[in-house]
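**Student:** Predicted model, plus sequence, below.
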Amino acid sequence: MAALLSCRVVRMNGSWWLHRSVAVAPVCSRGVRRSSSSPATLSAVQDKPQTMKDLPQVSLLELLYRLIFQGFHNRMHELQIYEKQLYGPIYRNGMKSVAVNTPKLLEEILRHEEKFPCRGDMSLWKEYRDMRGFGYGPFTEEGEEWYNLRVALNKRMLHPKDSAQYGGVINDVVVDFTKKIRYLRQCSPTGESVTDMANELYLFSLEGIASILFETRLGSLEKEIPAGTQEFINSIAQMFSNSMAVMVVPKWGRNLLPHWRRYIAGWEGIFSFAKELIDKKMEAIQQRIDNNQDVEGEYLTYLLSKTQMSTKDVYGSIAELLLAGVDTTSNTLTWALYQLSKNPVIQDRLYEEVSTLVPADRNPTAAEVTGMPYLKAVIKETLRMYPVVSMNARIITEKSVMIGGYHFPKKTPFFFCHYAISHDEDTFPDSFMFKPERWLRDGRVRPNPFGSIPFGFGVRGCVGRRIAELEMYLLLFQLIRQFEIKPDPTIGELKSINRTVLIPDNQLNLHFVDRHCKNTF
Ligand code: HEM
């Protein structure tokens, strides 16, 4: 209870906020409107049992006001902190869900995790698959079908030992990326600067995940990106950018506005790209079988030849893996480079580690990078400050639960405010400061593990986690070994905005000063 009443001033994004958990009017730079419903009081919290009705509640109108008039529509992650100040650690959020924003409450809910965890309604994604007869992937599937799918998809991907086998493939992509960075900086007026790093890292992530999933290179890091690859990139953007409108417009209005048509065209582009590559792989496998040759290969070959998955399910799953594996990894790398460029002392310490633990004349192995404590701490801290997936959800379907002293019936949707949780000042003092040291196992007290779970939790957690980590470690290793990375003085502070994942509100340009490492390929 003492924790619920804690109160102090914290600095956030340049403004001072009064950080209190219960029943307070916050002081902040945005002119807060008080909620019409009153937050939980101390006596109410003590009078048990309490139900959902006793929780502070945001009305739909208040939510819309905040999104539209207070400008939170693309800063939903900041809204989590704003509402935490208004309503405390647990409240009804105007979207029929119960929002929680402390590590302790998050842990309480996740301890009730079921055999087939449910994140919520994915009917909008399902609709396209149903229209075209494609199977559901890991995001869209539910229940026992989802479980069986994950059993197949997890193999060769989820375990660190499995992902280590992709070290060579990812290193090849990393080498091409560093070559491209060298080329781009040479073309720049100063001979050192590279503009729009987020775009370059997007192409890196796409090439990396595609080379694992399809066992082939797409050419995204070439000077001229192949037309099909560019169309695929555009299709992802089109699908995401029309999603919000499609969600709010009722079905009868779909033909009146252009969004539904564009949304479906986006999915068409994504699936036809994946389908073409999968079909090619199936032909190659068939040829080998016809010639009595062994069928060997990595991920896609394994799914097609060693599992019971039907072709339509492979289409569904590969398309979703591809989608999930690009924006997440690329944006995390963008934030990591941004923070390293602004924090030379941290960058020096990282350089010290990467330049001493692996001989300069060769690439690191997967085992070597995953054994580097500071490199791992840099990524962990990046994901804490910028959890690319800043919100998540669970519905406990089978039983009623007690959370934070409140009783909830089964099927209650819980909304996880991961951004607010990983900026919880009790768990992460100076939470808006980049401090990789927090994560070192050097005798200091480690933060509550539920304070930052950027890859989610349990059996429904991120299937690509190990691959993503490996990609990020290998790329950061190589960039920091070869270059001192400095900020572009013309670019100011970058803030995060929410476009399904957390992205920078402005272009990131960086200077890459050559360290003249022996191994520049
Ligand atoms: C920095 C990189 C990444 C982050 C931070 C991230 C984060 C997440 C999170 C938070 C979830 C939800 C987990 C939950 O509900 O408990 C998730 C699910 C998922 N991720 Fe990732 N992810 C990343 C990279 C990737 C990559 C590279 C792939 C593909 C290889 C991938 C594939 C998936 C899939 C398929 C799911 C759905 C799993 C399911 O519902 O069973 N992710 N990810």
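**Tutor:** Great, that's in hand.

**Student:** What is the subsequent helix or strand relative to the biggest helix by length in the chain?
**Tutor:** Ranked by residue count under DSSP state H, the longest helix found in the chain is helix 259-290. Going down the chain from helix 259-290, the next helix or strand is helix 299-306, by DSSP states H and E.

**Student:** So what touches that following helix?
**Tutor:** For helix 299-306, contacts defined as CB atoms under 8 Å, 6 or more residues apart in numbering pick out 152-153, 155-157, 212-215, 277-278, 281-282, 285, 295, 297, 309, 311, 314, 317-318. Yep, even glycine has a C-beta here, placed from its N, CA and C like the rest.

**Student:** Weed out the non-buried ones from these.
**Tutor:** 152-153, 156-157, 212-215, 277-278, 281-282, 285, 297, 309, 314, 317-318 (16 or more other CB atoms under 10 Å).

**Student:** Contact residues of this structure facing the ligand?
**Tutor:** 119, 138-139, 150, 209, 320-321, 324-325, 328-329, 332, 383, 388-389, 392, 454-457, 460-464, 467-468 (CB under 6 Å from any ligand atom).

**Student:** residue ranges for the strands of the stretch 101-250 of the chain, please.
**Tutor:** 193-194 (DSSP state E, counting those that start in this stretch).

**Student:** burial measure for the residue in it that the ligand sits nearest to, as a count.
**Tutor:** Nearest to the ligand, among the residues of the stretch 101-250 of the chain, is Pro138, at 3.8 Å (CB to the nearest ligand atom). Burial of Pro138, expressed as a neighbour count using other CB atoms under 10 Å, amounts to 20.

**Student:** cool, and Lys115?
**Tutor:** 9.

**Student:** now Gly492
**Tutor:** The burial count for Gly492: 9, using other CB under 10 Å.

**Student:** With adjacent residues omitted, what lies nearest to it?
**Tutor:** Spatially, and ignoring its direct neighbours in sequence, Gly492 is nearest to Asn506 (7.7 Å; CB to CB, 6 or more residues apart in numbering).

**Student:** Number of residues surrounding the one you found?
**Tutor:** 13.

**Student:** My read is that it contacts Ile491, right?
**Tutor:** Yes. Counting by CB atoms under 8 Å, Ile491 is a contact partner of Asn506 at 6.8 Å.

**Student:** The longest helix of the chain: which residues count as buried?
**Tutor:** 259-260, 263-275, 277-278, 281-282, 284-285, 288.

**Student:** likewise stretch 503-521?
**Tutor:** Buried residues in stretch 503-521, counted by 16+ other CB under 10 Å: Ile503, Pro504, Leu508, Asn509, Leu510, His511, Phe512, Thr520.

**Student:** Narrow those residues to those in strands?
**Tutor:** Per DSSP state E, strands hold the following members of these: Ile503, Pro504, Leu510, His511, Phe512.

**Student:** roughly how far apart are the last one and Ile90?
**Tutor:** What it means is Phe512. 46 Å (CB to CB, to the nearest Å).

**Student:** what does the third one give?
**Tutor:** Between Leu510 and Ile90 the computed distance is 41 Å (CB to CB).

**Student:** And the helices in the stretch 151-300 of the chain?
**Tutor:** 160-164, 167-187, 197-213, 227-248, 259-290, 299-306 (DSSP state H, counting those that start in this stretch).

**Student:** how far is the last one from where the chain is centred?
**Tutor:** To tie it back to what came earlier, the one meant is helix 299-306. Relative to the chain's own centre, helix 299-306 is displaced by 26 Å; criterion: CA atoms, centre = their mean, to the nearest Å.

**Student:** Return the set of buried residues in the helix or strand just after it.
**Tutor:** Where DSSP H and E defines the elements, the next helix or strand beyond helix 299-306 is helix 311-324. Using 16+ other CB under 10 Å as the test for burial, helix 311-324 gives Asp313, Val314, Tyr315, Gly316, Ser317, Ile318, Ala319, Glu320, Leu321, Leu322, Leu323, Ala324.

**Student:** Need the residues that contact helix 311-324.
**Tutor:** Here helix 311-324 has contacts from 129, 133-140, 149, 153, 209-210, 213-214, 236, 270-271, 274-275, 278, 282, 300, 303-304, 309, 462-464, using CB under 8 Å, 6+ apart.

**Student:** how far off helix 227-248 does the helix or strand just after it point, in degrees?
**Tutor:** Downstream of helix 311-324, the first helix or strand assigned by DSSP H and E is helix 327-342. Relative orientation of helix 327-342 versus helix 227-248 (axes from the mean of the first three to the mean of the last three CA atoms, to 10 degrees): 100 degrees.
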